Structures are given as C-alpha cells and as structure tokens.
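Engineer: Here is the input, now give the coordinates:
(one chain, ligands or ions: 1)
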Amino acid sequence: MDHFEYRDRALYCEDVPVADLAEQYGTPLYVYSEATLLHHLREIQTAFAPANPVVCYSVKANGNLSLCRLMGKHGAGYDVTSGGEFFRALKAGPQGSKIVFAGVGKTDAEIRYALEHGVFLFDIESEQELHAIGDIAHHMGRTAAVALRVNPDLPPKTHVKTDTSVKGVKFGLDIETVVDVARGVVGHPGLAVVGIHMHLGSPILKTEPYRQGGERAVKLVKAFRDLGHDIRYLNMGGGFGINYRRDEAKPAGAFAEVILPAVAETGCQLVLEPGRFIVGNAAVLLSRVVFTKSTGGKHYVIQDAAMNDLIRPTLYGSFHRVWPVRPAADVPERPDVDGNPDVPDPFRPMPNCFAQDVVGPVCESGDFLAKDRPLPALKRGDLLAVFSAGAYGMSMASNYNSRLRAAEVLVTGGTHRLIRRRETFKDLVACEEDCLL
Ligand code: LLP
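Structural biologist: Down below sits the predicted model:
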C-alpha cells in the first residue's frame with residue numbers, strides 16, 4: 001500500500017504530480033509521502049496493540065530529522081545504532097525515554113552519552129559490552145537497563161549481508177551461552193537486565209522465523225527470571241519485508257499473529273524496531289535521463305541518480321521498480337512485475353519496451369539501479385521514478401565521486417516541503433576547508 005499512483009499517465013505522490021517536484025527542486029530527488037509513512041506506522045501499532053508495544057522506529061532506515069520527528073509525534077520511539085543516530089533521535093522528538101540502542105561496537109563516549117540522556121534500553125551484543133556498560137553506569141551512579149541480544153541461530157532467511165540470526169555473524173550472544181552471560185551479572189550494581197532482544201535480519205518475507213524466534217525467547221525469559229533478573233521487555237527487532245515487486249510482503253497482522261502469543265506467554269511488554277516496513281514504500285527516487293546509448297550489444301539509460309544515491313542494487317543485487325514518470329500512451333501505465341520474490345528477474349516483457357540498464361554517472365561498472373529492464377525508449381530530459389526507495393536509500397547515500405547528495409521533499413496531501421536541501425559544492429569541502437594544507 002502506498003500513495004504513489006499514475007493518474008492520466010502522470011505519476012502522483014498523494015495529490016502532487018511528481019514532475020512538478022522535479023521541476024521545482026531538481027533531481028535526483030527523494031519524494032516521501034507522509035500518508036504512506038503514517039499508514040505503515042499505524043498498521044504496526046494497531047496489529048500489535050494487544051501487547052502494548054513500544055514501537056521504536058529504526059533510524060538507520062532513514063534518519064531524516066523531519067521524518068523522525070513525524071514518527072515521534074505519532075507515538076513512536078527510536079531504535080539507534082550510533083551516537084549520531086542517538087543525537088538525531090533526541091533532536092527529532094521528546095522521546096529520550098523511548099530510545100533503544102543496539103550495535104556491536106558502542107564506544108565509552110556513546111555509552112555515557114546515552115546514559116546521560118535517559119536511554120530506555122541498551123541491546124547488548126557481547127559479554128565485554130555488558131560489563132563495560134555496567135561499570136560505566138555504576139561510575140556515573142546510575143543503573144543501565146539492558147536487554148541481552150541473542151542470536152537464535154535460525155536457518156537463512158534473507159540476503160547473506162543482512163541476515164543477523166544465523167550462526168557465524170557478529171551480532172548478539174550465542175543462544176547456547178547467553179544464560180551463562182546473564183548469570184555472570186546477577187546483582188551487578190550498574191545493571192538491570194530487564195529484557196531479551198533479537199533482530200532476525202532484514203528484509204524478511206516469511207513469518208515462520210518470528211514464530212521460531214519467539215519460542216526461543218520464551219524459554220530464555222524463563223531462564224533469566226529463574227536467575228533473578230526482572231525481565232519485563234521482549235524486543236523482537238525489526239525486519240518486516242515490504243513490496244519491492246508487487247504484493248510479496250506480509251501485512252503487519254501476519255507477523256503479529258506469530259509474535260503476540262510468545263509475548264503473552266512471557267507477560268512482557270513488546271518492543272519492536274521496524275524501519276523498512278514504515279518508510280520503505282513511502283518514497284520514490286526521482287531522476288532525469290542525461291543520455292542514452294547503446295554499446296557492446298546493450299542499451300543504457302544514463303540518468304542523474306547513481307549508486308551514491310541508492311546503493312542497494314549494487315550492494316545486494318536488490319530489486320527496485322523503475323518506470324517513467326510520464327509513460328507514453330503506447331506503453332503500460334505501470335510496469336508488469338512478477339510478485340513472486342523467488343523469481344530472479346521479475347519484470348515481464350511489455351509492449352514497446354526493450355531491455356535497458358539504468359545506470360548513473362559514477363565511475364564504476366557496478367553503478368546501476370536496474371539491469372536488463374524492459375523499458376520504453378527514453379530521451380534526454382525524461383523523468384524516471386525508482387520505487388520503494390524510502391528505506392536504506394538516503395541513509396546509505398554518500399558523496400562518492402564528489403557527488404552532491406540528493407534533496408528530500410515531503411508531500412502531505414496537495415502540499416510539499418523540502419526536508420533536506422540539496423548539498424552544495426561548499427558543503428562538499430566544509431570539513432576540509434578549515435584545516436586545508
Ligand atoms: N533493529 C536492528 C538491531 C537492526 O539491525 C535493524 C536493521 C533494524 C532493527 C531495522 O530493520 P528493518 O525493520 O528496517 O528491516 N541496508 C540493508 C538493510 C540493513 C538492515 C540493518 N539492520 C538494506 O538496504 O536492505
């Protein structure tokens with residue numbers, strides 16, 4: 001479900017023709033729909049309501065301050081993974097008491113910063129970290145509330161680079177030894193072990209891993225309580241998949257169906273850390289065709305967005321729909337895509353289309369947004385929309401090739417506003433100018 005639709009062969013975001021936005025703000029441009037964003041937040045809040053969940057929006061998916069502020073305004077807390085994200089979360093909204101802090105390498109400075117600002121829970125990723133946080137908190141005269149992150153050791157369930165609950169990844173504590181780790185800090189004056197955390201990976205299209213993870217969590221909650229820890233929170237992380245193709249994703253209710261029974265059995269309050277599910281389908285990346293060319297038997301459309309704007313296709317081979325903003329009358333208004341996530345090349349042949357690679361200006365052969373896509377003939381100046389680009393798009397963007405990062409615009413009904421201005425050449429060198437040789 002999203003609020004991007006074609007009306008009379010022009011793509012709209014809510015009630016705004018996106019071509020107008022490209023005209024006004026330039027390209028490449030991230031265009032967000034507030035309605036889509038809030039729809040997905042509400043979907044999660046409603047589906048999990050029986051467990052009175054603390055929904056902590058995962059800032060890494062998209063840390064734009066205005067978007068984070070919207071999340072806070074509508075009842076979400078934040079899931080952060082660095083001091084920088086913690087800073088964003090604090091700046092975004094008065095939700096200091098609802099910030100969960102995960103990540104395998106929290107520095108002493110980050111730990112202190114989080115404690116000073118009333119972090120809700122640290123998700124603990126190693127035994128050393130647990131003791132370091134306990135000791136720092138104790139020295140500060142505080143008690144750190146922590147949830148031990150366990151790697152439940154489940155079968156592979158998503159891309160190898162983003163699967164966090166298989167054996168052999170750096171995340172969490174081994175399920176075989178986590179109880180011993182918990183035993184080692186019984187009575188620690190700087191620690192309150194109040195939760196179990198797991199994040200299975202991302203994106204996950206099936207509910208079964210959450211059922212299995214939930215079952216394992218129930219056993220751990222019991223074991224921790226037997227040690228005397230007052231376990232009150234069960235944090236099941238994020239990872240819910242979205243529709244990149246057509247309708248392959250599950251609704252929040254399907255995940256709730258398998259997670260809620262486990263939560264009920266423990267009597268814990270549920271914590272969730274969704275990122276992609278909320279923001280993923282809430283944006284398109286708009287780009288403009290610079291040139292087209294045919295070489296080596298292939299057809300290329302070279303547009304002004306690149307791997308520095310959206311690295312997911314290059315990094316994970318991820319699939320994003322790409323389609324003209326104003327498709328001509330002799331091609332389908334929207335692309336025909338196979339919804340089966342197991343089909344490697346889901347685009348179906350379409351009339352008056354031919355296979356093209358959608359590439360950017362970055363000096364790498366790996367710089368592409370789509371490969372061998374049936375697309376209509378395009379010409380200089382045409383606008384393209386790259387769909388489902390809201391999560392891990394802008395947040396993973398870089399200045400590689402000294403490219404200016406894109407601007408971001410938020411659409412609300414018939415209105416729009418800039419929520420991040422386009423960078424300038426001056427921004428590019430700002431951190432170097434003051435210490436120039
Ligand atoms: N909680 C923890 C501890 C995480 O590590 C993550 C994501 C989340 C929550 C949020 O997951 P989500 O609900 O957004 O799926 N760059 C990759 C995804 C990396 C995910 C990292 N961790 C991509 O573009 O697919």
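Engineer: Which strand or helix spans residue 366?
Structural biologist: Assessed by DSSP states H and E, residue 366 sits outside every helix and strand.
Engineer: scratch that, residue 137 is what I was asking about
Structural biologist: Going by DSSP H and E, residue 137 is in helix 127-139.
Engineer: Which elements pack onto that helix?
Structural biologist: Applying 3 or more Cβ pairs under 8 Å, 6 or more residues apart in numbering; DSSP states H and E, one finds that helix 127-139 contacts helix 108-116, strand 121-124, strand 144-151, strand 191-197. All C-beta spots, glycine's among them, are computed from the backbone N, C-alpha and C.
Engineer: and the first one, how far from the chain's centre?
Structural biologist: It stands for helix 108-116. In terms of Cα atoms, centre = their mean, to the nearest Å, the centre of helix 108-116 is set 24 Å apart from its chain centre.
Engineer: quick one, which of the helices and strands packed on helix 127-139 is packed in tightest?
Structural biologist: Ranked by mean neighbour count, those are led by strand 121-124 with a mean of 29 (mean count of other Cβ atoms under 10 Å).
Engineer: Adjacent strands (with direction) for it?
Structural biologist: Strand pairing for strand 121-124, using DSSP bridges, gives strand 99-101 (parallel), strand 144-151 (parallel).
Engineer: who touches that strand?
Structural biologist: If you take Cβ atoms under 8 Å, 6 or more residues apart in numbering as the criterion, strand 121-124 is touched by 100-103, 106, 111, 114, 130, 133, 144-149, 173, 194-195, 197, 233, 235, 271.
Engineer: so what are the domain limits for the chain?
Structural biologist: 4-32+280-429, 34-278 (automatic domain parsing).
Engineer: Now do the helices in the protein.
Structural biologist: 18-25, 34-47, 65-73, 83-92, 108-116, 127-139, 178-183, 208-226, 252-266, 276-279, 312-316, 425-433 (DSSP state H).
Engineer: tell me the mean pLDDT over the last one?
Structural biologist: When you say that, I think you mean helix 425-433. Here helix 425-433 scores 97 as its mean pLDDT.
Engineer: then it to PDB, C-alphas only?
Structural biologist: Backbone C-alpha positions of helix 425-433 (Å, rounded to 0.1, in the frame of the first residue of the first chain) are rendered in PDB as follows:
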ATOM      1  CA  PHE A 425      30.000  22.400  -3.500                       C
ATOM      2  CA  LYS A 426      30.700  24.300  -0.300                       C
ATOM      3  CA  ASP A 427      29.200  21.500   1.800                       C
ATOM      4  CA  LEU A 428      31.400  19.000   0.000                       C
ATOM      5  CA  VAL A 429      34.600  20.600   1.300                       C
ATOM      6  CA  ALA A 430      33.300  22.100   4.500                       C
ATOM      7  CA  CYS A 431      35.100  19.600   6.800                       C
ATOM      8  CA  GLU A 432      38.400  20.100   4.900                       C
ATOM      9  CA  GLU A 433      38.500  23.800   4.400                       C
END
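Engineer: Show me what it packs onto, helices and strands only.
Structural biologist: Packing partners of helix 425-433 (3+ Cβ pairs under 8 Å, 6+ apart): none among the helices and strands.
Engineer: List of residues touching the helix holding residue 137?
Structural biologist: 104, 106, 108, 111-112, 115, 122, 124, 143-144, 146, 148, 173, 181, 184-185, 188-191.
Engineer: what about 10 Å?
Structural biologist: With Cβ atoms under 10 Å, 6 or more residues apart in numbering as the test, helix 127-139 has contacts from 101, 103-109, 111-112, 114-115, 119, 122-124, 126, 142-146, 148-149, 173, 177-178, 180-182, 184-185, 188-193.
Engineer: How about the residues of the stretch 201-350 of the chain by the ligand?
Structural biologist: Applying Cβ under 6 Å from any ligand atom, we find that the stretch 201-350 of the chain lies next to the ligand at 202-203, 237-240, 273-277, 312, 316.
Engineer: If burial is judged by neighbour count, which of the residues you listed pass?
Structural biologist: With neighbours counted by 16 or more other Cβ atoms under 10 Å, these contain buried members at 202-203, 237-240, 273-277, 312.
Engineer: got any ranges where the protein has weak pLDDT?
Structural biologist: 94-97 (pLDDT under 70).
Engineer: Report the central residue of it.
Structural biologist: Nearest to the mean C-alpha position of the chain, counting by Cα atoms, centre = their mean, stands residue 61 at 2.7 Å.
Engineer: how much space between that one and residue 124?
Structural biologist: The spacing between residue 61 and residue 124, counted by Cβ to Cβ, to the nearest Å, is 22 Å.
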